[in-house]
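>>> Here is my input; please provide its structure:
(one chain, ligands or ions: 1)
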Amino acid sequence: MHKIRQATIEDLEAVKELNTKAFAANPKWDPDAVRNWASTREGGKYYKEALEDKDGYFVVCEEGGKLIGYANGTRMEITYRKSKYFEIVNLGVVPEKRRSGVGKALLEEIAKWAKAQGYEKLYLDSYIKNKQALEFYKKNGFQEISISLEKNL
Ligand SMILES: CC(C)(COP(=O)(O)OP(=O)(O)OC[C@H]1O[C@@H](n2cnc3c(N)ncnc32)[C@H](O)[C@@H]1OP(=O)(O)O)[C@@H](O)C(=O)NCCC(=O)NCCS
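Below is the predicted model:
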């Protein structure tokens, strides 16, 4: 049985390990991605700040005393659009626990909290090659709205 709860700074090391497992495929979608980023100095700084972010919400999914998934996000300023936005920055589940509703449960917790705070829309970026994530988000009511482009200089 899994349980979703708000994360605290006590979860910092476990969340960094969890991120490494849940996002191990990132270099497949993005050859520019830093491997094991969460265990770098910058990654550690990011997670510490995200866990302490007063405008953010950070939740973990626990099963048998272990973290098996997490999601976090923060307030997003898009002043040229009408709605109030909350951005989901990360949402990941360890490979062995996927397709059993953990991702959906994390997403629903973020959505419930964001709505209660007065947010009107959820926003997120996803790698275009990450089909499993795109399928997952579309199944949960998200629509494609933009596409990011980049080129080497
Ligand atoms: C995307 C992710 C969070 C989904 O988590 P999950 O716990 O497997 O999701 P759920 O069990 O709640 O939902 C499963 C549904 O998502 C979609 N889905 C998930 N994985 C899929 C895959 N490999 N292929 C096709 N559809 C997939 C399907 O609609 C699926 O429903 P089904 O199992 O009935 O076919 C998980 O695959 C993950 O952690 N991926 C790596 C990290 C990542 O890419 N995160 C998103 C970018 S921020």
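>>> So which bits of the lowest-mean-pLDDT helix or strand in the chain are buried?
When the helices and strands of the chain are scored by mean pLDDT, DSSP states H and E, helix 26-29 comes last with a mean of 92. For helix 26-29, burial by neighbour count (16 or more other C-beta atoms under 10 Å) applies to Asn26. Where you see a C-beta, it was placed from the backbone N, CA and C, and this is true even at glycine.
>>> Just the C-alpha atoms of it, please, in CSV.
Only the C-alpha atoms of helix 26-29 are listed here, as CSV (Å, rounded to 0.1, in the frame of the first residue of the first chain):
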residue,chain,number,x,y,z
ASN,A,26,16.7,11.3,-19.3
PRO,A,27,19.9,11.1,-21.4
LYS,A,28,17.9,9.0,-23.9
TRP,A,29,15.5,11.9,-24.4
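>>> Toward the C-terminus, what is the element adjacent to that helix?
Under the assignment DSSP states H and E, the closest C-terminal helix or strand after helix 26-29 is helix 41-52.
>>> helices or strands up against that following helix?
helix 12-22, strand 56-63 (3 or more C-beta pairs under 8 Å, 6 or more residues apart in numbering; DSSP states H and E).
>>> what about the strand ranked longest in the chain and the ligand, touching?
Determined from DSSP state E, the single longest strand within the chain is strand 66-76. No - using C-beta under 6 Å from any ligand atom, we find that strand 66-76 stays clear of the ligand, coming within 6.5 Å at best.
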